[in-house]
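> Give the three-dimensional model of this entry:
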Amino acid sequence: MGYALDLDGVVWLGDDPIPGAAAAVARLRSAGEPVVFCTNNSNHPVAAVEAKLADHGIAPEDGVITSAMAAAALVEPGERVLVCAGPGVVEALVGRGADPVRDGAADAVIVGMHLDFDYERLRVAANAVLGGARLLATNDDATYPTPDGPIPGGGAILAAVERATGARATVAGKPHAPMADLVRARLSSDGVMIGDRPETDGAFAVALGYRFALVLSGVVSSGEGVEPRPDLIAADLATAVDRLLA
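As a prediction, the model looks like this:
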């Protein structure tokens with residue numbers, strides 16, 4: 001058994017902790033359940049995600065899995081990779097032994113969430129793809145949850161690059177296979193995916209063969225009509241864990 005937890009909308013919203021989340025993780029671990037944290041947010045390096053977990057009272061315990069890590073697994077050591085993404089992707093590429101660049105010809109382009117995306121980054125990424133680079137993406141989430149409501153996510157940036165080039169990206173993050181492979185390497189074949197986005201976290205649970213626990217603390221406020229149908233619907237992570245461990 002194991003638990004894969006989304007972060008944005010499950011453990012926190014922006015920089016704000018979701019009440020009870022830290023205690024819920026502690027209860028899972030006290031019950032002997034392994035926990036990993038699966039985030040499609042590729043912007044931040046792993047150490048920054050770990051530090052944020054620690055700031056929220058949660059020991060990371062080498063459990064962070066990001067879509068940047070999944071995307072980096074799609075390139076080969078030594079490849080030149082144009083980064084239309086944040087520092088988390090650069091870190092993952094360096095760890096893979098690839099050569100991250102910001103301009104010019106490339107073997108691949110990786111698109112991910114980054115707050116300094118602008119027309120120039122779109123032009124550079126599009127030129128590389130039109131020049132023959134294969135198009136990869138950390139995720140295709142249209143929005144990203146914050147305390148003030150959803151904002152455009154990495155999928156919105158990806159849509160601009162796809163529109164400009166006519167290319168279709170290979171997507172690495174939830175619910176796609178590269179991210180699932182990373183989770184399977186950490187957890188058993190029997191588990192629970194707890195997330196707030198049915199089309200991402202729910203579909204990821206299906207890909208993993210896990211049960212899906214939907215929490216209403218992120219992008220959706222109701223489980224009505226949700227597909228794939230959750231095995232459990234709860235207000236937040238704390239409530240979900242209470243019910244799962246009962």
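> going forward, measure contacts and count neighbours with C-alpha atoms only.
Noted.
> contact partners of the lowest-mean-pLDDT helix or strand in the chain?
Among the helices and strands of the chain, strand 143-144 carries the lowest confidence by mean pLDDT, DSSP states H and E, at a mean of 89. Around strand 143-144, the neighbours that count as contacts under Cα atoms under 8 Å, 6 or more residues apart in numbering are Asp8, Pro150, Ile151, Pro152, Gly153, Gly154, Gly155, Ala156, Val219.
> Can you pull up the most central residue in the chain?
The centre of the chain sits closest to Asn40, judged by Cα atoms, centre = their mean, with a distance of 1.2 Å.
> Skipping adjacent residues, who's closest to that residue in space?
Ser67 (4.8 Å; Cα to Cα, 6 or more residues apart in numbering).
> And Ile18, by the same measure?
Trp12 (4.9 Å).
> List the backbone torsions phi and psi for the one you found.
The phi/psi pair for Trp12 (degrees, to the nearest 10) reads phi -150, psi 160.
> One more: Thr170?
Torsion angles, degrees, to the nearest 10, at Thr170: phi -90, psi 120.
> re the thing from before, next helix or strand past the least confident helix or strand of the chain?
strand 151-152 (DSSP states H and E).
> so what strands line up beside that next one?
strand 143-144 (antiparallel) (DSSP bridges).
> now the partner strand: how far from the chain's centre is it?
11 Å (Cα atoms, centre = their mean, to the nearest Å).
> before we move on, back to that, closest to Arg184 among the contacts of strand 143-144?
Of all these, Arg184 sits closest to Asp8, with 21.1 Å by Cα to Cα.
> Glu91 contacts Pro45, doesn't it?
Yes. Using Cα atoms under 8 Å, Glu91 is in contact with Pro45, at 6.3 Å.
> Please report phi then psi for Ala51.
Torsion angles, degrees, to the nearest 10, at Ala51: phi -60, psi -40.
> before we move on, the earlier item: residue contacts, the residue nearest to the centre of the chain?
Thr66, Ser67, Ala68, Thr138, Asn139, Asp141, Gly173, Lys174.
> where's the fifth one relative to Arg243, distance?
Between Asn139 and Arg243 the distance is 30 Å, computed by Cα to Cα, to the nearest Å.
> any idea of the pLDDT on the residue nearest to the centre of the chain?
Per-residue confidence at Asn40 stands at 96 (pLDDT).
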